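Engineer: Got a predicted model here, sequence first, then my questions.
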Amino acid sequence: MARKQLFKEINWGAKIATNAYEEGGLLIGKPYLNSSERFYYSIVTSIIPAVVKEDSINEKKYGFDSWQVMLSKLDIYNKNKTVANKEYVVGWYHTHKGIRSVYMSEKDMDMQKMFPLPWQFGIVLNPKKQIWKAFNGKKAHECQGFVLK
């Protein structure tokens, strides 16, 4: 469900004018610990797209208002859920447009620092080229990511 939601939001595979601007938002889901192999992972169940006032082709600027709106949407999403069923911000996503590769730029690295927990990660996608990579940790090390169909 989250994959469909995300790919629709960023116009995955489309070669249209809206793919000229970066998109971004939060990844919502649940974190898990594989205790036998001692590693964390998260499963994304939904996204919350960012709405920003300042936007350019190469940069999406998240201000206080953007964060407030996204986190309010998460509160509404979780409103009637029990504690065991609540979902969390497990990461963030954003796109690189046109012919750009997928990597963590210096500004992306700054954003990644806001997601320091071992089960949080960032995803950079290029919807036109249909490529993506996942990154984890304060230093945004590339990590494994899987898309379930």
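Structural biologist: In hand now; what should we look at?
Engineer: what's the pLDDT at the residue lying farthest from the centre of the chain?
Structural biologist: Relative to the C-alpha centroid of the chain, counting by C-alpha atoms, centre = their mean, residue 36 is the outermost residue, at 27.5 Å. At residue 36, the model reports a pLDDT of 93.
Engineer: what helix or strand does residue 76 sit in?
Structural biologist: For residue 76, the host element (DSSP states H and E) is helix 64-78.
Engineer: can you tell me the average pLDDT over that helix?
Structural biologist: Per-residue scores along helix 64-78 average to 89.
Engineer: Repeat that for stretch 11-24.
Structural biologist: Stretch 11-24 shows a mean pLDDT of 77 in the predicted model.
Engineer: Give me the buried positions along that stretch.
Structural biologist: Using 16 or more other C-beta atoms under 10 Å as the test for burial, stretch 11-24 gives 11, 12, 19, 22, 23, 24. (C-beta placed from N, C-alpha, C; glycine too.)
Engineer: Next up, the contacts around the second one.
Structural biologist: Just to be clear, that refers to residue 12. Residues in contact with residue 12, defined by C-beta atoms under 8 Å, 6 or more residues apart in numbering, are 6, 125, 127, 130.
Engineer: Which pair of those residues spans the longest distance?
Structural biologist: 6 and 130 (12.7 Å; C-beta to C-beta).
Engineer: Who has more neighbours out of those two?
Structural biologist: Between residue 6 and residue 130, counted using other C-beta atoms under 10 Å, the more crowded position is residue 6 (24 against 11).
Engineer: Next, the contact list for the nearest residue to the more buried one once chain neighbours are set aside, please.
Structural biologist: If the residues on either side of it in the chain are set aside, residue 6 comes closest to residue 47, at 5.1 Å by C-beta to C-beta, 6 or more residues apart in numbering. Contacts for residue 47 were tallied using C-beta under 8 Å, 6+ apart; they are 2, 5, 6, 9, 25, 26, 27, 28, 93.
Engineer: switch to 10 Å and redo it
Structural biologist: Residue 47 sits next to 1-3, 5-6, 8-10, 24-29, 70, 91-93 when contact means C-beta atoms under 10 Å, 6 or more residues apart in numbering.
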